[in-house]
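> this one's sequence-less:
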């Protein structure tokens, strides 16, 4: 019998806890009754004594329960912690996706229709959800502006650990830059004139609208933006090689087409028209 009556026995601790609860409850009732029957204190003092008595007995009961059931509380705490860790690991990606959604809402780095680049993936945003973002891929490579026909679904967690490049910050009109390589031995002064003339021809119809639009952006965001007239800069990339960097202001959705028109005009005017297939066969 004495071996069974041990603090390691759950039933024994349960009986002790019940007995302690009853004793403290009886003590509280008796003490509160004595306080109410006291004639030497006013109502404020009685109310304060009653509250203090209840608080002390409650704290005493709580501390005693913790001491009696400390092993079970420790086991429960460890189990709860293990479950919490397992849930956090299992739902890590889901939590990061929701965090990425909160980041997108708070910072608003892009919107539907914007052309963005994340972790080397470029495309036009067509859908934004709480867990993912869908884009129509642009490529191949970083210098092309054609749709590949593929739709890519990006988890929103990518936006937490990778920077986002928004190519459509100006939305309607953009300042677009592309390069044309030539040899140093060629007449690069003439090449500059040819490119600039071709750019002026293709962009002249957009200059006034682009200037007004970019001025509104400049006023709204307190930015110092460059002029929208076509510019061409020379860059040395190798001992015998130059790059002609051309910057134009064009509608965001037409920059690829206009770039191709300017390059084609440059090739025809600087190098001459390409030989026709029939002429190459006859020779």
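Perfect, I can see it now. Remember, predicted model here, so these are calculated numbers, not experimental data.
> least trustworthy helix or strand in the chain by mean pLDDT?
Taking mean pLDDT, DSSP states H and E as the measure, the chain has helix 277-282 as its least confident helix or strand, at a mean of 49.
> my guess is residue 234 is in a strand, correct?
Yes: assessed by DSSP: H, G, I helix; E, B strand; the rest coil, residue 234 belongs to a strand.
> and it, what does it touch?
Taking C-beta atoms under 8 Å, 6 or more residues apart in numbering, we find residue 234 in contact with 188, 192, 242, 243, 244, 245. Glycine gets a C-beta too; all of them are placed from N, C-alpha and C.
> which residues pair with it across the strands?
residue 244 (DSSP bridges).
> for the longest helix seen in the chain, which positions count as buried?
The helix spanning the most residues in the chain, taking DSSP state H as the definition, is helix 10-37. Neighbour counts over helix 10-37 (16 or more other C-beta atoms under 10 Å) mark 13, 28, 31, 32, 35 as buried.
> May I ask you to confirm that the third one is in contact with residue 56?
Right, the one you point to is residue 31. No: Residue 31 is not in contact with residue 56 according to C-beta atoms under 8 Å; the separation is 9.6 Å.
> Name the residues linked to residue 153 by a beta bridge.
residue 134.
> And the helices in the stretch 1-150 of the chain, which stretches?
Taking DSSP state H, counting those that start in this stretch as the criterion, the stretch 1-150 of the chain contains helices spanning 10-37, 43-68, 70-90, 92-107.
> Tabulate those in JSON lines, adding columns for mean pLDDT.
Listed next are those as JSON lines, based on pLDDT from 0 to 100:
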{"stretch": "helix 10-37", "mean pLDDT": "84"}
{"stretch": "helix 43-68", "mean pLDDT": "82"}
{"stretch": "helix 70-90", "mean pLDDT": "81"}
{"stretch": "helix 92-107", "mean pLDDT": "81"}
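> Would you mind giving those helices as JSON lines with distance to residue 182 added?
Formatted as JSON lines, these follow (distance: least, C-beta to C-beta, whole Å):
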{"stretch": "helix 10-37", "distance to residue 182": "89"}
{"stretch": "helix 43-68", "distance to residue 182": "82"}
{"stretch": "helix 70-90", "distance to residue 182": "56"}
{"stretch": "helix 92-107", "distance to residue 182": "42"}
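> out of those helices, nearest to residue 231?
Taking C-beta to C-beta, helix 92-107 is the member of the helices of the stretch 1-150 of the chain nearest to residue 231, at 31.5 Å.
> circling back to that earlier point, which other helices and strands contact the longest helix of the chain?
helix 43-68 (3 or more C-beta pairs under 8 Å, 6 or more residues apart in numbering; DSSP states H and E).
> And the helix it packs on, what's buried?
Residues of helix 43-68 classed as buried by neighbour count (16+ other C-beta under 10 Å): 49, 53, 57, 61, 65, 68.
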